[in-house]
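1. predicted coordinates and the sequence they were generated for:
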Amino acid sequence: MDASLEPPKQGRALVLVRRQPPAPQGLLETLKAKLMQSCTCSVPRARALLQDLIPAIRWLRHYRPQECLAGDTMSGLVIGIILIPQSIAYSLLAGLQPIYSLYTSFFANLIYFLMGSSHHVSVGIFSLLCLMVGQVVDRELQLAGLDRSQDGPGPRDNSSALNSSDPMLALGLQDCGRDCYAIRVATALTLVSGIYQVLMSVFRLGFVSTYLSQPLLDGFAMGASVTILTSQLKYMLGVRISRHQGPGMVVRTWLSLLHSVGQANVCDVVTSTVCLAVLLAGKELSDRCRRHLRVPLPTELLVIVVATLVSHFGQLHAHFGSSVAGDIPTGFVAPQVPDPRLMWRVALDAVSLALVGSAFSISLAEMFARSHGYSIRANQELLAVGCCNVFPSFFHCFATSATLSKSLVRTATGCRTQVSSVVSAAVVLLVLLVLAPLFRDLQRCVLACVIVVSLRGALRKAKELPQLWRLSPADALVWVATAATCILVSTEAGLLAGVLFSLLSLVGRTQRPRATLLARIGDSAFYEDATEFEGLLPPPGVQVFRFTGPLYYANKDFFLQSLYSLTGLDAGRSAARRKEQSPEVGVSERGPADRKNMGSLSSGAGLEPLAVGFHTVVIDCAPLLFLDVAGMATLQDLRRDYRALGVALLLACCSPSVRDTLRRGGFLGEDQGAEDEQLFPSVHSAVEAALVHQGELITADSTL
């Protein structure tokens, strides 16, 4: 039956006829229909599926070179130039050779160009993921008995890195040195992380990343940035200390640095000071002149080029013992399948890597899509980022995700589509094939300075904490807990702590929501919080109660406590005492026919009234999101107790879902008239009904 409104007639109100729901299908029929729909094959369906999996097929057909090519080329060149120093520098974080960072940047740009649904996001190496990869790599190197004294990239005899042959023999890697084993661990971790992300896309779990709130991500970025900064100080000082593992890594690293500060390399300290000053000045100048500069200043590239020339002609490594990047080969190495045994060892570590990468990628894609007026698909973003990890892991690459800084640069330089990713990949390819050996004499302290300066944006988020506290103390607590746990324990523990605190804050907000009594605004039909506004008029003999949250098992006791405290009547205890004192109370002095006609408003009219100053309680259900079984039982018990005390309980502004729950739970009964006397469309209508009915009772009693 269709829902229809009867035309208004004299003396008749509008009547809303409920639509009859369709007959529900059985589980077997539903599964069979979905299976038939998914297994139906046709050329248009196959074409649509291919275009969904590879969105570039769809938008490339409508690509307009006259409008887009210039901006895409410019942004691609700028991002490619930025990627070169960052790729070499971030290899320090991952504990890998620089060539692998270049591989990662090249393949990630190409794959996301084909599979990404965002036109402006830049996918590549990300400092937080590099840090997480580096921690797993260091742990596995230590467990394998490899020499970790030469941390990260640099000139070394790879074959002499073996410290103990027994663990390596057990792993079947007796012919693999430190660098070989490190990239094997990184590729195994990357493959497992990518598989997780692809499975999340297949099972349509793109919404999971939304539970990583923005305060959580900001706190995680802050804590991880402090960890990254701490890990780079030894390169900037030129001291040799081990990369600590486990809880308290940051604190122990600082203690080791304090003990070794007397052994600092003067050449590295002077170089780091000069590079930091130039990089920070260049960043500040670029920020202030952003409106006048179409292309950001390539400060990192200039610093790296000049530092490489100075180190090469000054022979800083030979004369002062300054650590340099070492040989960077050209070309590509043969692909290799990641080791399944290592995949099992790092399967748990890949969970946090997959969650962080997918959360940042989806949130950035949605942010740029909103600002440029198009939509993205979260599950497709998961698939794209997952494939950026799965396929490149066979080509000696490690974990990637979307990055904010390069995405902002891409949009600022005129990017229109993902064609700019192809241009960036071409720039990286040029370095891979030709220019990589030129960076052999680049000092590692310069790379550390590039990493530290790139953390400036994340570290600045600490200044936003006071404003966040004023806006939402719960979100500020999530921020602080996540950042502090990342710094004091580990990044993985920080992510877990952030998730737990976010869930606890969500539970806390629903478990103890705001509860108030409402009063009337002058002569209007609107009601507001009497403790927040002055001059409101409470309705005589009626208490209007608002509970701004759902009513469920976790907050039912708080609901009753708030109601009893605000109204000054503990209905449960008062009803129990009255029942013990006078078992006969509860039988109305009026006849059964009179009580039936009066409905719920007269359910306790014949009882001896209490000296509580009210005869009706109206619950404003507008903020009531949902009811569960415990919430339904709470309302039923509350109505029973109020009825025993001669107080009527009315509900106002119930949403359709709450009304259906009340109806299915038996709260309203089967009589439509009784339902109309218990549920009201507004608070004012409920208050008026209560006052009118109370006046009728007083008139009837005076007549008798």
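-> Arrived safely.
2. and Val692, how many neighbours?
-> Neighbour count of Val692, defined by other C-beta atoms under 10 Å: 11. C-beta coordinates here come from the backbone N, C-alpha and C atoms, glycine included.
3. distance of it from Val617?
-> 16 Å (C-beta to C-beta, to the nearest Å).
4. what's the answer for Ser655, then?
-> 20 Å.
5. among these two, which residue is more densely surrounded?
-> Val617 (23 against 14).
6. does the more buried one count as helix, strand or coil?
-> Here Val617 is recorded as strand under DSSP: H, G, I helix; E, B strand; the rest coil.
7. now the helices: where do they sit in the stretch 601-704 of the chain?
-> Taking DSSP state H, counting those that start in this stretch as the test, the helices found in the stretch 601-704 of the chain are 629-644, 656-664, 672-678, 683-703.
8. ok, now the stretch 151-300 of the chain?
-> Residue ranges of the helices in the stretch 151-300 of the chain, as given by DSSP H, counting those that start in this stretch, are 165-171, 178-202, 214-237, 249-260, 266-288, 299-314.
9. can I get the ones you listed in CSV including mean neighbour count and distance to Asp138?
-> Conversion of the helices of the stretch 151-300 of the chain to CSV gives the following (neighbours: other C-beta atoms under 10 Å; distance: least, C-beta to C-beta, whole Å):
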stretch, mean neighbour count, distance to Asp138
helix 165-171, 14, 15
helix 178-202, 24, 9
helix 214-237, 23, 10
helix 249-260, 15, 10
helix 266-288, 17, 22
helix 299-314, 18, 25
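10. which of the ones you listed sits closest to Gly494?
-> With C-beta to C-beta as the criterion, Gly494 lies closest to helix 214-237 of the helices of the stretch 151-300 of the chain, at 5.0 Å.
11. and the closest one, what's its mean pLDDT?
-> Here helix 214-237 scores 88 as its mean pLDDT.
12. stretch 92-104 now?
-> 89.
13. could the helices of the stretch 151-300 of the chain be laid out in TSV, adding distance to Gly613?
-> As requested, the helices of the stretch 151-300 of the chain are exported to TSV (distance: least, C-beta to C-beta, whole Å):
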stretch	distance to Gly613
helix 165-171	79
helix 178-202	57
helix 214-237	44
helix 249-260	61
helix 266-288	63
helix 299-314	73
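14. looking at those helices, which one has the lowest mean pLDDT?
-> helix 165-171 (a mean of 50).
15. residues of the lengthiest helix in the chain that come out buried?
-> Longest helix in the chain by number of residues (criterion: DSSP state H): helix 65-94. The neighbour-count check on helix 65-94 (16 or more other C-beta atoms under 10 Å) flags 68-69, 71-94 as buried.
16. what count of nearby residues applies to Pro329?
-> 12.
17. where's the nearest residue to it once chain neighbours are set aside, which helix or strand?
-> Once flanking residues are discounted, Pro329 sits nearest to Ile99: 5.8 Å by C-beta to C-beta, 6 or more residues apart in numbering. Using DSSP states H and E, Ile99 sits in helix 98-115.
18. could you do Ala23 as well?
-> Going by DSSP H and E, Ala23 is not in any helix or strand.
19. so it versus Glu29, what's the distance?
-> Counting by C-beta to C-beta - Ala23 and Glu29 are separated by 11 Å.
20. who has more neighbours, the two?
-> Neighbours per residue (other C-beta under 10 Å) separate Ala23 from Glu29, with Glu29 holding more: 10 against 5.
21. restricting to C-alpha, output the helix or strand hosting the more buried one in PDB.
-> Element membership for Glu29, per DSSP H and E: helix 27-39. Output of helix 27-39 as PDB, limited to C-alpha atoms (Å, rounded to 0.1, in the frame of the first residue of the first chain):
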ATOM      1  CA  LEU A  27      18.700 -16.200   3.300                       C
ATOM      2  CA  LEU A  28      19.100 -18.900   0.600                       C
ATOM      3  CA  GLU A  29      17.100 -16.900  -2.000                       C
ATOM      4  CA  THR A  30      19.100 -13.700  -1.200                       C
ATOM      5  CA  LEU A  31      22.400 -15.500  -1.500                       C
ATOM      6  CA  LYS A  32      21.300 -17.100  -4.700                       C
ATOM      7  CA  ALA A  33      20.200 -13.800  -6.200                       C
ATOM      8  CA  LYS A  34      23.500 -12.100  -5.300                       C
ATOM      9  CA  LEU A  35      25.500 -15.100  -6.700                       C
ATOM     10  CA  MET A  36      23.600 -15.000 -10.000                       C
ATOM     11  CA  GLN A  37      24.100 -11.300 -10.200                       C
ATOM     12  CA  SER A  38      27.900 -11.500  -9.600                       C
ATOM     13  CA  CYS A  39      28.400 -14.400 -11.900                       C
END
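22. tell me what the longest helix of the chain is packed against?
-> If you count contacts as 3 or more C-beta pairs under 8 Å, 6 or more residues apart in numbering; DSSP states H and E, helix 65-94 packs onto helix 98-115, strand 122-124, helix 127-143, helix 214-237, helix 299-314, helix 404-412, helix 419-430, helix 444-454.
23. right, and the ones you listed - which one's nearest Arg45?
-> Distance to Arg45, taken as C-beta to C-beta, is lowest for helix 98-115 among the helices and strands packed on helix 65-94, at 19.6 Å.
24. and stretch 35-55, which residues are buried?
-> By neighbour count on 16+ other C-beta under 10 Å, the buried set for stretch 35-55 is 54-55.
25. distance from the chain centre to it, please.
-> 31 Å (C-alpha atoms, centre = their mean, to the nearest Å).
26. got the contact list for that stretch?
-> Identification of contacts with stretch 35-55 by C-beta atoms under 8 Å, 6 or more residues apart in numbering yields 57-58, 114-117, 380, 383.
27. pick out the residue nearest the middle of the protein.
-> The chain has Leu212 as the residue nearest its centroid, 2.2 Å off, counting by C-alpha atoms, centre = their mean.
28. how far away is the closest residue to that one other than its chain neighbours from Leu297?
-> The spatial neighbour of Leu212 that comes closest, neighbours along the chain excluded (C-beta to C-beta, 6+ apart), is Ala359 at 4.2 Å. From Ala359 across to Leu297, the span is 31 Å (C-beta to C-beta).
29. and the two? which has more neighbours close in?
-> More neighbours surround Ala359 than the other of Ala359 and Leu297, with 23 against 13 (other C-beta under 10 Å).
30. thought the more buried one was touching Leu217?
-> Yes - under the criterion of C-beta atoms under 8 Å, Ala359 makes contact with Leu217 at 6.3 Å.
31. determine the three-state secondary structure at Leu517.
-> With three-state DSSP as the basis, Leu517 sits in strand.
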